[in-house]
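Novice: Provided below for reference: sequence and predicted model.
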Amino acid sequence: MSNINKLIEQRVAALFGRIGECPIEVPKVPFSYNLCFNIRGLKAGVCKVRRNPIDSSYIITIGFNAKALAVDDGRFALNEIVPHEVAHALASMVHLDLTRPRWVRIGCKGHGPGWKRIAQWLGATGKTTCSIGLQPSRNTRPYLYIASCGTEARLTKGQHQKVAAGLRFTVKKTGGKISKEGLISVAA
Ligand SMILES: [Zn+2]
């Protein structure tokens, strides 16, 4: 693992460590997260949060664009992309908490005011446009999924359409399943 990835991991862990002081109270339920570092396309980062159907814990996946990580020797990633995406994780946990008032939940959706408040508290600017000029990549497998075993898998458009229609693929090595809930990013 490259040095910047290690620094990103540490920063993500540090920000999740502050979850108890979040200005918008995050539900105190178990969560786990995994990081991937090879998102392609125009997005600098992505964050996806879903609930484990078995124990209702939160499963968070944060992806980073390798090109974005290299910008300004990684400073932009550490100081902007990481807090931006961790804010999505915390805000989504609030958004998915059905016991919270509707206005709170809606504010935490996407780049809403709830997200922005958390993002700024974590040290991001709260801006939503990414100004680092990433170029679209030509990519025949633009659909990045996380399988149930944690493996990253890139699917073609045809495979993606099958998964979207409910078909599940199996990762040969691990037996993990790729289902439509596992989609984490689409390269532009
Ligand atoms: Zn965002």
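Specialist: Arrived safely.

Novice: contacts, neighbours, all on C-alpha from now
Specialist: OK.

Novice: Next up, phi/psi of the residue nearest the centre of the chain, please.
Specialist: Among the residues of the chain, Cys47 comes closest to the average C-alpha position under CA atoms, centre = their mean, at 1.5 Å. Main-chain dihedrals, Cys47, degrees, to the nearest 10: phi -140, psi 130.

Novice: Please name the bridge partners of it.
Specialist: Under DSSP bridges, the beta-bridge partners of Cys47 are Ile62.

Novice: residue contacts, it?
Specialist: When contacts are counted by CA atoms under 8 Å, 6 or more residues apart in numbering, Cys47 touches Ile60, Thr61, Ile62, Gly63, Glu85, Val86, His88, Ala89, Ile184.

Novice: Please report the distance of Phe169 from Tyr145.
Specialist: 11 Å (CA to CA, to the nearest Å).

Novice: Now for the two: what residues contact both?
Specialist: Common neighbours of Phe169 and Tyr145 (CA under 8 Å, 6+ apart) are Ile178.

Novice: More neighbours: which of the two?
Specialist: The neighbour comparison of Phe169 against Tyr145 (other CA atoms under 10 Å) goes to Tyr145, with 22 against 17.

Novice: Is that one in contact with Ser185, as I believe?
Specialist: Yes - look at Tyr145 against Ser185 with CA atoms under 8 Å: they come within range, at 7.2 Å.

Novice: In a helix, Asn38, correct?
Specialist: No - per DSSP: H, G, I helix; E, B strand; the rest coil, Asn38 lies outside any helix segment and is strand.

Novice: Now do the contacts for it.
Specialist: Shown in contact with Asn38 (CA under 8 Å, 6+ apart): Gly63, Phe64, Asn65, Ala66.

Novice: Give me the subset of these lying in strands.
Specialist: Under the assignment DSSP state E, the contacts of Asn38 contribute Gly63, Phe64, Asn65 to strands.

Novice: separation between the second one and Ala124?
Specialist: Spatial separation of Phe64 from Ala124 under the definition CA to CA is 16 Å.

Novice: just Ser32 next, same as before
Specialist: Distance from Ser32 to Ala124, by CA to CA: 22 Å.

Novice: Where does pLDDT dip in this protein?
Specialist: 1, 129-139, 188 (pLDDT under 70).

Novice: can you map out the helices along it?
Specialist: Using DSSP state H, the helices found in the chain span residues 3-16, 66-70, 75-76, 82-95, 102-107, 113-121, 157-164.

Novice: List the residues that contact Pro27.
Specialist: When contacts are counted by CA under 8 Å, 6+ apart, Pro27 touches Met93, Val94, Asp97.
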